[in-house]
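Trainee: would you be able to build a 3D model of this:
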Amino acid sequence: MGTLKALLPWDGVPLIQYQVECLRYAGAGLVIVLLGHRAEEIRPHVPVGPDVRVVVNDRYRSGKTTSVKAGLAQVPSDVEGLVLVTVDQPRPMPLVAALVQTFREHRAPVTQPTFGGRRGHPMVFRADVLSPLADIREETQGIKPVVDSYRAQALLVPVDSPIVLVDLNTEADYEHARALWSDL
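Mentor: Prediction:
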C-alpha cells in the first residue's frame, strides 16, 4: 500500500478509528485492538474507553495468526461470540450491526456475509469456536481450516453489495472501495 492502512482516511476518520466505532455501533461489549507494525504511530488514533483494549503484538512479523492468538488471549471467558475484523476490510456500520444481530438470533458457529455466492467478511464466531481458533497456524492458512470445518453449519447472510468482499491491499483496492462506499 505504501502507507499505514490503519491511518487511511475512511468516512472522515482514520480507518482504525472507524473500525472501532463500527464494532461499538454493532454492540460489541469489548473491542480488542491488535497493533503490531508501527504500533506507536497508530495507537493515538484508537478511540479510548473502558470498552476498548489495545494489545501490541510484538510477534506480528511471524504472521497474522500471532495477532489473532494475541487477541483471543484477551477475550473474556463469558463471551457469546467474536466478530473478527481486520483493519483493511471496512464495512458499513449497519451491515456489521445486522450481522451481529443475525448471529444473536441464530447462534450459528460461524455467521458470514456473502455477495454473489462468495463468502466475505467480517465473520462472527460462536464462543465454542474460539478454542479451535486459538490453534491456528500460518502454515495451514490461518483461520481457513477452522472456517472450513464449520462450513456445513455456517449461517451465510446474503448482502446486496460487494463491499463485503473488499480488502485494501493496494491503492487501487482503496480507491475501488471508496467508490463502492459512495454508492451505498
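
Trainee: ok, P132 - how many residues close by?
Mentor: 16 (other C-beta atoms under 10 Å). Where C-beta positions appear, they are placed from N, C-alpha and C, glycine not excepted.

Trainee: grab the nearest non-local neighbour of it.
Mentor: Leaving aside its chain neighbours, P132 sits nearest to V146 (4.8 Å; criterion: C-beta to C-beta, 6 or more residues apart in numbering).

Trainee: now do the contacts for that neighbour.
Mentor: 129, 132-133, 136 (C-beta atoms under 8 Å, 6 or more residues apart in numbering).

Trainee: so which strand or helix has it?
Mentor: Element membership for V146 (DSSP states H and E) is helix 144-149.

Trainee: quick revisit: out of the contacts of V146, who's nearest K69?
Mentor: When the contacts of V146 are ranked by distance to K69 (C-beta to C-beta), I136 comes first, at 7.2 Å.

Trainee: Three-state assignment for the closest one, please.
Mentor: What DSSP: H, G, I helix; E, B strand; the rest coil gives for I136 is coil.

Trainee: look up how far G27 lies from it.
Mentor: To G27, I136 is 26 Å away according to C-beta to C-beta, to the nearest Å.

Trainee: more crowded one of the two?
Mentor: I136 (21 against 12).

Trainee: residues contacting the more buried one?
Mentor: I136 neighbours (C-beta under 8 Å, 6+ apart): 65, 68-69, 142-143, 145-146.

Trainee: repeat that for 7 Å
Mentor: Applying C-beta atoms under 7 Å, 6 or more residues apart in numbering to I136 gives the contacts 65, 68, 142-143, 146.

Trainee: kindly report the same for L30.
Mentor: 51, 53, 76.

Trainee: which non-adjacent residue is nearest the last one?
Mentor: For P76, ignoring the flanking residues on the chain, the nearest one in space by C-beta to C-beta, 6+ apart is L30 at 6.7 Å.

Trainee: tell me the pLDDT at the one you found?
Mentor: Looking at L30, its pLDDT stands at 98.

Trainee: average pLDDT for stretch 130-147?
Mentor: Per-residue scores along stretch 130-147 average to 94.

Trainee: correction: stretch 99-115
Mentor: Averaged across stretch 99-115, pLDDT comes to 98.

Trainee: between the two ends of it, how far is it?
Mentor: End-to-end distance for stretch 99-115, by C-alpha to C-alpha, to the nearest Å: 14 Å.

Trainee: can you pull the contacts of the most centrally placed residue in the chain?
Mentor: Residue closest to the mean C-alpha point of the chain, counted by C-alpha atoms, centre = their mean, is V85 at 0.4 Å. V85 makes contact with 19, 23, 122, according to C-beta under 7 Å, 6+ apart.
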